[in-house]
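*Asks:* please work out how this folds:
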Amino acid sequence: MRIIFLGTPGYSVTVLSSLFEAGHELLAVVTRADKPAGRGRSVESPPTAVWAREHGVPVLQPTSLRPPEVAAEFAALKPDVMVVASYGRILPPDILAVPVKGCLNVHPSLLPKYRGSSPVAEALLQGDTVTGVTIMLLDEGMDTGPIVAQAEYPVLDDDTSESLMVRMFERGAELLARTLPAWDSGELTGKPQDDSLATHSRRLEKSDGELDFTRPGKQLSDQVRALHPWPGAFTRWNGKTLKVLKAVPMSLNTADHENAEDVSAGTVVALNSGEAASLGVATSNGILGIVEVQLEGRKASDGNAFLRGHADFLGARLPS
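*Replies:* Residues are numbered from 1 along each chain as shown. Purely as a prediction, here's the structure:
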């Protein structure tokens, strides 16, 4: 098929490269503009643009899709279909109308569950043990178009948003590869979503990472996983930001404390030897075992190393 691809981050490259390997004709890769990155603030291209240039595929980086000349440029390429994989913009009607066989989107959730911008993080925040990938036909709404194909996959116990996102787009690339031939031939059609079952995810903000220890330990552990790598889970100690990079939920009997059940939420406690973490924070239900942390201005360290350098951390009340 003649395809225009729209996508930006590294995990989108998995979908892009699978289209190339399947022998489809990539007419152009549409992605976001280059931008400064890193400490040196040198200008870097999105991963999809880097891949496209390495493989001789034209790159388009419009600042907006709304000008009529952008739709005209797309139409001049005469695509059969457009494939979208985490592009980061809603496609306006004149862009949606360009390909004769529509715009197919790879969405990392089991629609209509978790429409919106953060479906993978939302699945982890909700403690889901199963998620999936949907190939959908885009319309003018936010993830409201007909479902073309769908597949379920398990959420692993140690998944973060980063690892789960990578795996979902790997599975999405496989599902798309199986879907395109039947879509091209007309054997496959879209099925309307049941809007009454729809749930939504929102764009995450920095403040979403703050840990509230009056919540249960399991929910806080899910929060740590869901917000890695961005915006990251954190609390405050001695007026400094303390990032919690990895944590596990534990029961109260893991605490090395005579009256663990009486410890106030937010109190840092030592854990019995042999546990997955050497220290934890009391919550409203159980303990959040701290596996890896990073104090503001310092390097990341495991719990043991952190305690060696900050013995006064034990018994602290967070946030402080």
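*Asks:* show me the contacts for residue 123.
*Replies:* Residue 123 sits next to 109, 114, 131, 155, 164, 226 when contact means CB atoms under 8 Å, 6 or more residues apart in numbering. Yep, even glycine has a C-beta here, placed from its N, CA and C like the rest.
*Asks:* show me what counts as buried in stretch 83-102.
*Replies:* 83-87, 91, 94-96, 98-99, 101-102 (16 or more other CB atoms under 10 Å).
*Asks:* now do the domain split for this protein, please.
*Replies:* 2-201, 206-313 (automatic domain parsing).
*Asks:* export these as TSV, with columns for mean pLDDT and distance to residue 319.
*Replies:* TSV is the format used below for the domains of the chain (pLDDT from 0 to 100; distance: least, CB to CB, whole Å):
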stretch	mean pLDDT	distance to residue 319
domain 2-201	96	20
domain 206-313	92	4
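*Asks:* what's the closest of these to residue 320?
*Replies:* Nearest to residue 320 among these is domain 206-313 (5.6 Å), distances taken as CB to CB.
*Asks:* could you tell me the end-to-end distance of that closest one?
*Replies:* 25 Å (CA to CA, to the nearest Å).
*Asks:* assign residue 293 to helix, strand or coil.
*Replies:* strand (DSSP: H, G, I helix; E, B strand; the rest coil).
*Asks:* what about it, neighbour count?
*Replies:* By other CB atoms under 10 Å, the residues close to residue 293 number 24.
*Asks:* go ahead and confirm it touches residue 306.
*Replies:* Yes: the pair residue 293 / residue 306 is scored as a contact, 5.5 Å apart, by CB atoms under 8 Å.
*Asks:* now the helices for the chain?
*Replies:* 10-21, 47-54, 68-76, 93-96, 119-125, 161-185, 217-226, 303-309 (DSSP state H).
*Asks:* quick one: distance of the longest one to the chain centre.
*Replies:* Think helix 161-185. For helix 161-185, the distance from its own C-alpha centre to the chain's C-alpha centre is 15 Å (CA atoms, centre = their mean, to the nearest Å).
*Asks:* which non-adjacent residue is nearest residue 280?
*Replies:* Leaving aside its sequence neighbours, residue 280 sits nearest to residue 287 (CB to CB, 6 or more residues apart in numbering; 4.0 Å).
*Asks:* my bad, residue 281
*Replies:* residue 288 (4.8 Å).
*Asks:* so that neighbour sits right up against residue 251, yeah?
*Replies:* No: look at residue 288 against residue 251 with CB under 8 Å: they stay out of range, at 11.5 Å.
*Asks:* so which of those two has more stuff around it?
*Replies:* For the pair residue 288 and residue 251, the greater number of neighbours falls to residue 288 (32 against 12), based on other CB under 10 Å.
*Asks:* OK, contacts around residue 236?
*Replies:* Per CB under 8 Å, 6+ apart, neighbours of residue 236: 242, 318, 319, 320.
*Asks:* quick one: contacts for residue 167?
*Replies:* 153, 159.
*Asks:* what separation is there between it and residue 313?
*Replies:* For residue 167, the distance to residue 313 (CB to CB, to the nearest Å) stands at 35 Å.
*Asks:* repeat for residue 38
*Replies:* From residue 38 to residue 313 the distance is 31 Å (CB to CB).
*Asks:* also residue 65?
*Replies:* 50 Å.
*Asks:* now residue 1
*Replies:* 58 Å.
*Asks:* swap in residue 49?
*Replies:* Residue 49 is 44 Å from residue 313, by CB to CB.
*Asks:* what does residue 267 give?
*Replies:* To residue 313, residue 267 is 11 Å away according to CB to CB.
*Asks:* packing partners of the longest strand belonging to the chain?
*Replies:* For the chain, the longest strand by residue count, based on DSSP state E, is strand 240-250. Using 3 or more CB pairs under 8 Å, 6 or more residues apart in numbering; DSSP states H and E, the elements in contact with strand 240-250 are helix 217-226, strand 233-237, strand 287-295.
*Asks:* among the buried residues of stretch 83-102, which lie within strands?
*Replies:* Those of these lying in strands (DSSP E): 83, 84, 85.
*Asks:* who's the second one bridged to?
*Replies:* With beta bridges defined as DSSP bridges, residue 84 has these partners: residue 6, residue 105.
*Asks:* my read is that it contacts residue 6, right?
*Replies:* Yes: the pair residue 84 and residue 6 passes the contact test of CB under 8 Å, sitting 4.6 Å apart.
*Asks:* which residues do these two both contact?
*Replies:* Contacts common to residue 84 and residue 6, judged by CB under 8 Å, 6+ apart, are residue 91.
*Asks:* from residue 42, how far off is residue 31?
*Replies:* Taking CB to CB, one finds residue 31 at 18 Å from residue 42.
*Asks:* comparing those two, which residue is more hemmed in?
*Replies:* residue 31 (27 against 8).
*Asks:* verify the stated contact: residue 74 with residue 95.
*Replies:* Yes: here residue 74 reaches residue 95: they are 6.4 Å apart, a contact under CB under 8 Å.
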